[in-house]
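Engineer: Quick one: sequence and predicted model below, then my questions.
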There are 2 protein chains.
Amino acid sequence: MPRRLDVPELVDRARRGEQPAVARLLSLVEDGAEAALREVAGALGPGTGRAHVVGLTGAPGVGKSTTTSVLIGALRAQGRRVGVLAVDPSSPFSGGALLGDRVRMGEHATDDGVFIRSMATRGHLGGLARATPQALRVLGAAGCDVVLVETVGVGQSEIEVVGLADTTVVLVAPGTGDGVQAAKAGILEIADVFVVNKADRDGARQTVRDLRTMLSLAEPPTDDGWRPQVVRTVASRGEGVDDLVSALDAHRDWLDGSGERRRRRRARAAAEIRAIALDEVRSRMEDLRGAAGLTQLAERVLDGELDPYRAADELTGRLGGSGR
Amino acid sequence: MPRRLDVPELVDRARRGEQPAVARLLSLVEDGAEAALREVAGALGPGTGRAHVVGLTGAPGVGKSTTTSVLIGALRAQGRRVGVLAVDPSSPFSGGALLGDRVRMGEHATDDGVFIRSMATRGHLGGLARATPQALRVLGAAGCDVVLVETVGVGQSEIEVVGLADTTVVLVAPGTGDGVQAAKAGILEIADVFVVNKADRDGARQTVRDLRTMLSLAEPPTDDGWRPQVVRTVASRGEGVDDLVSALDAHRDWLDGSGERRRRRRARAAAEIRAIALDEVRSRMEDLRGAAGLTQLAERVLDGELDPYRAADELTGRLGGSGR
């Protein structure tokens, strides 16, 4: 492959499933340079192909990477093409993903029906919200049937990321927290499928029971609604993974049948547009210098000259409303 | 207390330590009505009094609430006035904090030297970033010596919240994840003090060792820098809590001596101004209707008429740059 390719040609090659072209496009997206993102977005078009986007989330240590890995194996055994985006929450200071995921994903590294990318999200949430949908489009263009988006943790940022998925899978481990903890983290409402991983451990039965109880207490779905499924797995031994694939497929079929897929994708597009626009506004804010700059305004707040609302007014007043 | 009080009078009463006035102000802040927030901000002034703001974070189940509770007890035993903000990550759907925290905090409920508020952060991160600094000002005005800000999880949003603290405490539990998991979650860089809670459990020693190893591998502090401390606790039995108080005090003294406190507070003020301004911009975006509205733009992206960048341009072009 030549050292430089123009974006439309990269997209053509990605559509033919060429791994290096897919990797290059994902790098362009991840780097997040405004001009490149715009060009990639223009060349890819808005769709994500036939890809079923599955978000996997859960607390650190619950076994997301292992589950992702065995899920890839099960989907590949059925001949499906699989993309994986492992989204690490950025460290605000160092950025950068560690090696762990890639090591565990190693067995799939030479399979040309699998596209794996560990996304380091540098800086703020806006960057992540902006890069991920583009990365999904790249993987859709490459013909992925399923794209797994793995996120660490169950905080607000992860909720926003899994909001990008057609199907959201929440992993929980037995005994690490009771039902109240799960509900506190706000995960009951976002999960389409629960996975109780490490189901051979003490407390697994209780955790499944707690989840089912809480789900039954939650608002019952309408007739054509979806009732979240609870699947037990021991991912490290591959147990329960076929059940998980079945649950994912059942949810995909429901999405198609109910019209919910269009609704979710519209919400995703709106979130993406909002993120891009806010990012543009945020960068205009950071670019302001002098008396209207953030540092100066912050100093004035600390010195008691200005309350933060008036400081914010000064800031928005200087942004300018005209487009690019 | 009369049913309606004007904000300046509430602030006066809060400054005299009257619990109901503090509670009312916190409610105003939490409700997040723009006009009320502006009025409270104006009446309180920009400072947080003498309050040492301590952020506590860690994965669900690690014992944050229990640690917070025994920490309150230890600080009260020294005669210090304590505020607590328990920040639950919002469920994007239901909002609302569960009962757990309050139950565990119950023993302090009748102590008029303790102010406890469980903040349900409705909706987006911006709301949290906007309400929390105001709540800190309320508690500072009420004469708190220490304010504990407890957040669930270690995702991006929590990192942003603990960014509000003078001192950040990260709790980890033995055996729930190795050092790689901790580092993956981006917590090494944000912690001023680590607490290995449940230190009577298997693996505690190893977890302490892992943390110390990773800290020693991290960039060494400059001569006047701070080296994060690792404290072992069994919060449920109150063990190690005095060590934790000592570590917090040591960090507070370092902040004062090094000038770091001013730097952190400036960063906090800048983040607050940015959050308020972005919130204003976001609400202008949501208010746009018709062809430039988000839903319409999202439909056009789904239909392939527009790529998301062009859609975002249409959106920012319509925001208008003039202040309120």
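Structural biologist: Received it, and whenever you're ready, just let me know what you need.
Engineer: which residues in the stretch 1-150 of chain A form helices?
Structural biologist: A:7-15, A:19-31, A:34-44, A:64-77, A:100-104, A:125-141 (DSSP state H, counting those that start in this stretch).
Engineer: can you put those helices in TSV and add distance to chain B and mean neighbour count?
Structural biologist: C-beta: built from backbone N, CA, C; applies to glycine. Below are the helices of the stretch 1-150 of chain A laid out as TSV (distance: least, Cβ to the nearest Cβ, whole Å; neighbours: other Cβ atoms under 10 Å in any protein chain shown):
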stretch	distance to chain B	mean neighbour count
helix A:7-15	13	19
helix A:19-31	12	19
helix A:34-44	4	18
helix A:64-77	10	21
helix A:100-104	5	16
helix A:125-141	5	25
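Engineer: can you tell me which of the ones you listed the model trusts least?
Structural biologist: Comparing mean pLDDT across the helices of the stretch 1-150 of chain A, the weakest is helix A:100-104, with a mean of 41.
Engineer: Looking at the helices of the stretch 1-150 of chain A, spot the one closest to residue B:74.
Structural biologist: When those are compared by Cβ to Cβ, helix A:125-141 sits nearest residue B:74, at 35.2 Å.
Engineer: Pipe the helices of the stretch 1-150 of chain A into TSV and attach distance to residue A:255 per row.
Structural biologist: Formatted as TSV, the entries for these read as follows, by distance: least, Cβ to Cβ, whole Å:
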stretch	distance to residue A:255
helix A:7-15	24
helix A:19-31	25
helix A:34-44	22
helix A:64-77	17
helix A:100-104	27
helix A:125-141	15
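Engineer: wait, which of these is closest to residue A:265?
Structural biologist: helix A:125-141 (10.2 Å).
Engineer: Specify the angle between that closest one and helix A:7-15 in degrees.
Structural biologist: Put simply, helix A:125-141 runs at 60 degrees to helix A:7-15, going by axes from the mean of the first three to the mean of the last three Cα atoms, to 10 degrees.
Engineer: tell me the angle of helix A:125-141 relative to helix A:19-31?
Structural biologist: Using the same axes, to 10 degrees: helix A:125-141 against helix A:19-31 is 160 degrees.
Engineer: How many residues are close by residue A:293?
Structural biologist: If you count neighbours by other Cβ atoms under 10 Å in any protein chain shown, residue A:293 ends up with 18.
Engineer: on that earlier part again, quick one: closest of the helices of the stretch 1-150 of chain A to residue A:294.
Structural biologist: Closest among the helices of the stretch 1-150 of chain A, once you apply Cβ to Cβ, is helix A:125-141, at 15.6 Å.
Engineer: now the closest one, how far from the chain's geometric center?
Structural biologist: In terms of Cα atoms, centre = their mean, to the nearest Å, the centre of helix A:125-141 is found 8 Å from the chain centre.
Engineer: Same question for stretch A:23-32.
Structural biologist: Centroid displacement of stretch A:23-32 relative to its chain, using Cα atoms, centre = their mean, is 16 Å.
Engineer: For it, which outside residues touch it?
Structural biologist: Here stretch A:23-32 makes contact (Cβ atoms under 8 Å, 6 or more residues apart in numbering or on different chains) with A:5, A:7, A:10-11, A:14, A:36-37, A:40, A:115, A:117, A:119-120, A:122, A:127, A:130-131, A:134-135, A:138-139.
Engineer: ok, and the closest non-adjacent residue to residue A:292?
Structural biologist: residue A:318 (4.4 Å; Cβ to Cβ, 6 or more residues apart in numbering or on different chains).
Engineer: So the one you found versus residue A:290, what's the distance?
Structural biologist: According to Cβ to Cβ, to the nearest Å, residue A:318 stands 10 Å off from residue A:290.
Engineer: any idea where the strands of chain A begin and end?
Structural biologist: A:52-57, A:82-88, A:114-120, A:146-151, A:167-172, A:193-196, A:229-232 (DSSP state E).
Engineer: Identify each buried residue in the last one, please.
Structural biologist: This means strand A:229-232. A:229, A:230, A:231, A:232 (16 or more other Cβ atoms under 10 Å in any protein chain shown).
Engineer: So the first one sits against residue A:248, correct?
Structural biologist: I take that to be residue A:229. No: the pair residue A:229 / residue A:248 is not scored as a contact, 9.4 Å apart, by Cβ atoms under 8 Å.
Engineer: Give me the common contacts of these two.
Structural biologist: With Cβ under 8 Å, 6+ apart as the test, residue A:229 and residue A:248 both reach residue A:193.
Engineer: Now do the contacts for residue A:242.
Structural biologist: residue A:74.
Engineer: circling back: quickly note the distance from the residue nearest to residue A:292 to residue B:211.
Structural biologist: 44 Å.
Engineer: so where is the stretch 151-300 of chain A shaky, pLDDT-wise?
Structural biologist: A:152-163, A:176-187, A:219-223 (pLDDT under 70).
Engineer: Can you list the residue ranges for helices in it?
Structural biologist: A:156-162, A:179-184, A:204-217, A:241-258, A:260-287, A:294-302.
Engineer: export the ones you listed to CSV and tack on distance to residue B:67?
Structural biologist: Output for these, formatted as CSV (distance: least, Cβ to Cβ, whole Å):
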stretch, distance to residue B:67
helix A:156-162, 22
helix A:179-184, 15
helix A:204-217, 23
helix A:241-258, 35
helix A:260-287, 35
helix A:294-302, 30
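Engineer: which one of these is the most hemmed in?
Structural biologist: helix A:156-162 (a mean of 26; mean count of other Cβ atoms under 10 Å in any protein chain shown).
Engineer: Residue A:227: neighbouring residues, count only.
Structural biologist: 12.
Engineer: Does it touch residue A:215 like I think?
Structural biologist: Yes: using Cβ under 8 Å, residue A:227 is in contact with residue A:215, at 7.3 Å.
Engineer: Settle it for me: which of residue A:318 and residue A:290 has more neighbours?
Structural biologist: Each of residue A:318 and residue A:290 has its neighbours counted (other Cβ under 10 Å); residue A:318 has more, 17 against 8.
Engineer: Ramachandran angles for the more buried one?
Structural biologist: Phi and psi for residue A:318, reported as degrees, to the nearest 10, are phi -100, psi 0.
Engineer: distance of it from residue B:38?
Structural biologist: Taking Cβ to Cβ, one finds residue A:318 at 19 Å from residue B:38.
Engineer: now do residue A:319
Structural biologist: 19 Å.
Engineer: Quick check: residue A:114 vs chain B, distance?
Structural biologist: Using Cβ to the nearest Cβ, to the nearest Å, residue A:114 is found at 22 Å from chain B.
Engineer: Could you give the number of residues near the spatially closest residue to that residue that is not a sequence neighbour?
Structural biologist: Leaving out its chain neighbours, the residue that sits closest to residue A:114 by Cβ to Cβ, 6+ apart is residue A:108, at 4.5 Å. A count of neighbours around residue A:108, defined by other Cβ under 10 Å, yields 18.
Engineer: could the strands of chain A go into JSON lines alongside distance to residue B:74?
Structural biologist: Output for the strands of chain A, formatted as JSON lines (distance: least, Cβ to Cβ, whole Å):
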{"stretch": "strand A:52-57", "distance to residue B:74": "35"}
{"stretch": "strand A:82-88", "distance to residue B:74": "36"}
{"stretch": "strand A:114-120", "distance to residue B:74": "39"}
{"stretch": "strand A:146-151", "distance to residue B:74": "36"}
{"stretch": "strand A:167-172", "distance to residue B:74": "33"}
{"stretch": "strand A:193-196", "distance to residue B:74": "37"}
{"stretch": "strand A:229-232", "distance to residue B:74": "41"}
